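Novice: I would like the atomic coordinates for the input below:
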Amino acid sequence: MKRLLLLISSSFLVFNSWAQQPAVLSVREQAAVVDSWLEDRIQQVLPNLMTETGIDFWIVVSREYNEDPVIRTLLPATWHAARRRTILVMYQPSPNAPVETYAVARYDVGKSFKKAWDPEAQPDQWKALLEIIQTKKPKKIGLNFSKDYGHADGLTHFDYEELMRILPAQERAKVVSAQTLAVRWLETRTAAEMATYKHIQELAHYIIAEGLSDRVITPGVTTTEDVVWFYREKIKEMKLDTWFHPTVDIQRPDPSSQEASRSFAVRPSEAVILPGDLLHIDFGITYLRLNTDTQELAYVLKAGETEVPSYLQDALKVGNRLQDILTTNFTLGKTGNQILKAAREQMQKEGIKGSIYTHPLGFYGHSAGPTIGMWDNQGDTPGAGDFPMHAHTGYAIELNAVVFVKEWNKDVRVMLEEGAYFDGKKVTYYNGRQKSILAIPRKSDYLGY
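Specialist: Residues are numbered from 1 along each chain as shown. Have a look, this model is predicted:
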């Protein structure tokens, strides 16, 4: 019965849409945008980063279906994986000069990486790479091996050994970790990407609001897992992808249920949604190779209620204040650990209880850059937490405030997460942030942003 009601609700939306769905490009149009952005990044971003890190020769190697996380951001839109062994080379002849790009492969790789290997003339792919190295005479050869970031540790042990086998001693001495270069490449957002990220976040907000509404939820019938799978179906329907399975969980007035102390290591159990429930969604989409990561709240009105109780809205304000404390501590050059420490000292002075676990957001949902706390570690995060903050980078501002609600005689955990951009001076939310808990049902399409 509940499945039938969910289907009816979804069908009703087709004819009675209460909010205008943001546009989504066709798959072909998406591919054109991805390829255009890639060329822009290679021409405008890569030269600055190679100069900044002092690596003038960057090698990225992958075998088919064992992709280096970096190579996935260098492949054209029509490539879903590397082919056979794909070796990409980026060489900068002098600081700030344009970067020369080569594919030591049987094929051109997109527009920029032209085939630079003739298997008929040189059957050994590694020796073909060596010929380029000896011709270019680089000062530093960057390879993707890394202690601190899985994103920058994509070179397999076997391929590393093969490369070391063919490199003469004088070239082996030039080999360095490309960790910082890889992280900077992944974290840096271009003007074109930023112009679109607001729209991508708007898509996420639209889908979240639809799921947390009476278009999907029938109190007493619909379960949290029904809503989760509505989101998965909706994402597919809209020609989008997701990078993780959504979560929908509930906090209730019953003082004997202590949801605010639930470990994030345990996925919440399925439950029927009832009037008086405070719902929480954790949700992300992938569009144009960029990701969102969003957590928001909704409340199911009880009989006689026309709006969300003020005491819950006040609890949300504490969460908003914690967001402000965190983002005002974003400072160019400070590490994630330093930002976390300063924010926690300020929240404690203001008497706010909670946790901060903010992370970079971009090509990956949990992307490369400075880690600012972990949900299970509110102290320093060695390695990733020591990475400094740079301009033109994106983050999921993720945290929770624990607020005692006397009307419920218990703590309520206000879990929030929104995508935002740091321009080097201030943090700007891509498409606003939740400042009002969504009511179920609600009379208008106002979403609280």
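
Novice: quick check: next helix or strand after the helix or strand of the chain with the lowest mean pLDDT?
Specialist: Lowest by mean pLDDT, DSSP states H and E among the helices and strands of the chain is helix 2-15, with a mean of 34. Sequence order places helix 27-40 as the next helix or strand after helix 2-15, per DSSP states H and E.

Novice: show me what that next one packs onto, helices and strands only.
Specialist: Helices and strands touching helix 27-40, by 3 or more C-beta pairs under 8 Å, 6 or more residues apart in numbering; DSSP states H and E, are helix 191-211. (C-beta placed from N, C-alpha, C; glycine too.)

Novice: could you list the buried residues of the helix or strand just after the helix it packs on?
Specialist: Of the helices and strands lying after helix 191-211 in sequence (DSSP H and E), the nearest is helix 224-237. Going by neighbour count (16 or more other C-beta atoms under 10 Å), the buried part of helix 224-237 is 224, 226, 227, 228, 230, 231, 234, 235.

Novice: residues in contact with the very next helix or strand once past helix 224-237: which ones?
Specialist: Sequence-wise, the next helix or strand downstream of helix 224-237 (DSSP H and E) is strand 247-251. For strand 247-251, the surrounding residues in contact (C-beta atoms under 8 Å, 6 or more residues apart in numbering) are 211, 224-225, 227-228, 257, 259-260, 262, 267-268, 271, 273, 277-283, 412-413.

Novice: what does stretch 262-276 give?
Specialist: In contact with stretch 262-276 (C-beta under 8 Å, 6+ apart) are residues 217, 219-225, 227, 247-250, 252-253, 279, 300-303, 375-376.

Novice: among these, name the buried ones.
Specialist: Neighbour-count burial (16+ other C-beta under 10 Å) applied to the contacts of stretch 262-276 gives 217, 219, 221-224, 227, 247-250, 252, 279, 300-301.

Novice: so the residue nearest the centre of the chain: helix, strand or coil?
Specialist: Computing the C-alpha centroid of the chain and ranking residues by C-alpha atoms, centre = their mean puts residue 365 first, at 2.2 Å. With DSSP: H, G, I helix; E, B strand; the rest coil as the basis, residue 365 sits in coil.

Novice: help me confirm that it comes into contact with residue 290.
Specialist: No. With contacts counted by C-beta atoms under 8 Å, residue 365 stays clear of residue 290, the gap being 9.8 Å.

Novice: count of residues packed around residue 148?
Specialist: Around residue 148 there are 20 other residues, counting by other C-beta atoms under 10 Å.

Novice: who's in contact with it?
Specialist: 179, 382, 383, 384, 386, 387.

Novice: I'd like the distance between the fourth one and residue 419.
Specialist: The gap separating residue 384 from residue 419 is 19 Å, by C-beta to C-beta, to the nearest Å.

Novice: list phi and psi for residue 100.
Specialist: Main-chain dihedrals, residue 100, degrees, to the nearest 10: phi -90, psi 140.

Novice: quick one, what contacts the closest residue to it other than its chain neighbours?
Specialist: Nearest residue to residue 100 in three dimensions, chain neighbours excluded: residue 91, at 4.6 Å (C-beta to C-beta, 6 or more residues apart in numbering). Contact analysis of residue 91 by C-beta under 8 Å, 6+ apart lists 56, 57, 58, 99, 100, 101, 102, 132, 136, 138.

Novice: which SSE is the residue in the chain sticking out farthest from the centre in?
Specialist: Residue farthest from the centre of the chain, counting by C-alpha atoms, centre = their mean, is residue 121 at 43.4 Å. If you go by DSSP H and E, residue 121 is not part of any helix or strand.

Novice: need the pLDDT of it.
Specialist: Looking at residue 121, its pLDDT is 91.

Novice: same deal with residue 212?
Specialist: 97.

Novice: equivalent analysis for residue 261, please.
Specialist: Listed pLDDT for residue 261 reads 72.

Novice: can you pull up the bridge partners for the closest residue to it other than its chain neighbours?
Specialist: Distances taken as C-beta to C-beta, 6+ apart place residue 411 nearest to residue 261, at 7.6 Å, with adjacent residues excluded. Counting by DSSP bridges, residue 411 is bridged to residue 404.

Novice: who are the contact partners of residue 411?
Specialist: So residue 411 contacts 258, 260, 261, 402, 403, 404, 405 (C-beta under 8 Å, 6+ apart).

Novice: ok, now which ones touch the last one?
Specialist: Looking back up the chat, that one is residue 405. 311, 312, 315, 411, 412 are the contacts of residue 405 under C-beta under 8 Å, 6+ apart.

Novice: buried subset of those residues?
Specialist: Buried among the contacts of residue 405 by 16+ other C-beta under 10 Å: 312, 315, 411, 412.

Novice: which among those residues gets closest to residue 423?
Specialist: Closest approach between these and residue 423, by C-beta to C-beta: residue 315, at 30.6 Å.

Novice: wait, is that closest one part of a strand?
Specialist: No. If the criterion is three-state DSSP, then residue 315 is helix and not within a strand.

Novice: show me the residues around the closest residue to it other than its chain neighbours that make contact.
Specialist: Leaving out its chain neighbours, the residue that sits closest to residue 315 by C-beta to C-beta, 6+ apart is residue 403, at 4.2 Å. Residue 403 makes contacts with 314, 315, 318, 319, 353, 411, 412, 413, 414, as judged by C-beta under 8 Å, 6+ apart.

Novice: what's the answer for residue 204, then?
Specialist: Residues in contact with residue 204 (C-beta under 8 Å, 6+ apart) are 283, 284, 285, 292, 294, 419, 431.

Novice: so which of the residues you listed is the most crowded?
Specialist: Going by other C-beta under 10 Å, residue 292 tops these with 30 neighbours.

Novice: backbone phi and psi for that one, please?
Specialist: phi -110, psi 160.

Novice: I figured it hits residue 284, correct?
Specialist: Yes. The criterion here is C-beta under 8 Å, and residue 292 meets it with residue 284 at 5.1 Å.

Novice: and the contacts of residue 405, which is closest to residue 207?
Specialist: residue 312 (22.9 Å).

Novice: I figured that closest one hits residue 412, correct?
Specialist: Yes. If you go by C-beta under 8 Å, residue 312 and residue 412 touch, sitting 7.3 Å apart.

Novice: overlap in contacts, the two.
Specialist: What both residue 312 and residue 412 touch, as defined by C-beta under 8 Å, 6+ apart, is the set 278, 405.

Novice: what are the structural domain limits within the chain?
Specialist: For the chain, the structural domains run 2-25+189-440, 56-177, going by automatic domain parsing.

Novice: tell me which of the ones you listed lies nearest to residue 45.
Specialist: Evaluated over the domains of the chain, closeness to residue 45 peaks at domain 2-25+189-440, with 6.2 Å, by C-beta to C-beta.
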